[in-house]
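[1] with the sequence up front, the predicted model follows.
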Amino acid sequence: MQLVPISPRINGHSYEWADIQFSIAGGVPIVGITEINYSYSRNITNIYGAGSEPISVGYGAKTYDASITLKLEEVQNLLAIAPFKDLSQIPSFSISVSWLDTENAIKTDVLKYVKFNDYNIKTKAGDTSTDISMKLTFAGLE
């Protein structure tokens, strides 16, 4: 077996937090964000017929999961526009997560039909800022 040299810079640049920009509701920038997590999964099942081996594959529903952590100041701005001061009453919106690469090409994920489920305030002595974690519901990822 012959070893092939591996270049230390396969893609030349790794996407990092410093390259990300966030916006909601069609372009409103969000700067007070410290974390975002989102994922989707799909139920895929083998279908069986005669014999012991699968004869086809069935594709079920997709499920989506997300959470976001914002600074308290950002949450207060959202509460100011929320009907009845309730984040869950804000009409569904999109969240765009955009990375800028070294060639100035923008790579974007768009979470569609996002709703705030809840928020959790947690602060303690010595904290210099307050982060608010919120669970999100969304229905589609571009």
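    Thanks, I have the structure now. All values reported here derive from a predicted model rather than from experimental measurement.
[2] contacts only, for V97.
    When contacts are counted by C-beta atoms under 8 Å, 6 or more residues apart in numbering, V97 is found next to I20, F22, I36, Y38, T108, D109, V110, L111. All C-beta atoms are positioned from the backbone trio N, CA, C, and that covers glycine.
[3] check which helix or strand it maps to.
    Using DSSP states H and E, the secondary-structure element containing V97 is strand 93-100.
[4] ok so, going back, list just the nearest of the contacts of V97 to F138.
    Closest approach to F138 among the contacts of V97 (C-beta to C-beta): L111, at 4.5 Å.
[5] separation between that closest one and I24?
    When C-beta to C-beta, to the nearest Å is the yardstick, L111 and I24 sit 9 Å from each other.
[6] again, but for P91
    Counting by C-beta to C-beta, the gap from P91 to I24 is 11 Å.
[7] quick one, which of the two is more surrounded?
    I24 (18 against 9; other C-beta atoms under 10 Å).
[8] next one: phi and psi at that one?
    The main-chain torsion angles of I24 are listed as degrees, to the nearest 10 and equal phi -130, psi 160.
[9] which residues does it contact?
    Remark: with contacts taken as C-beta under 8 Å, 6+ apart, I24 is in contact with I30, F93, S94, I95, S96, V114.
[10] swap in N46?
    Residues touching N46, when contacts are defined by C-beta under 8 Å, 6+ apart, comprise P54, S56, V57, G58.
[11] ok, I132 next?
    T69, L70, K71, L72, E74, V75, Y119, N120, I121.
[12] partners of the helix or strand hosting the second one in the sheet?
    Read it as L70. With secondary structure defined by DSSP H and E, L70 is part of strand 54-71. Based on DSSP bridges, the pairing partners of strand 54-71 within the sheet are strand 33-48 (antiparallel), strand 131-137 (antiparallel).
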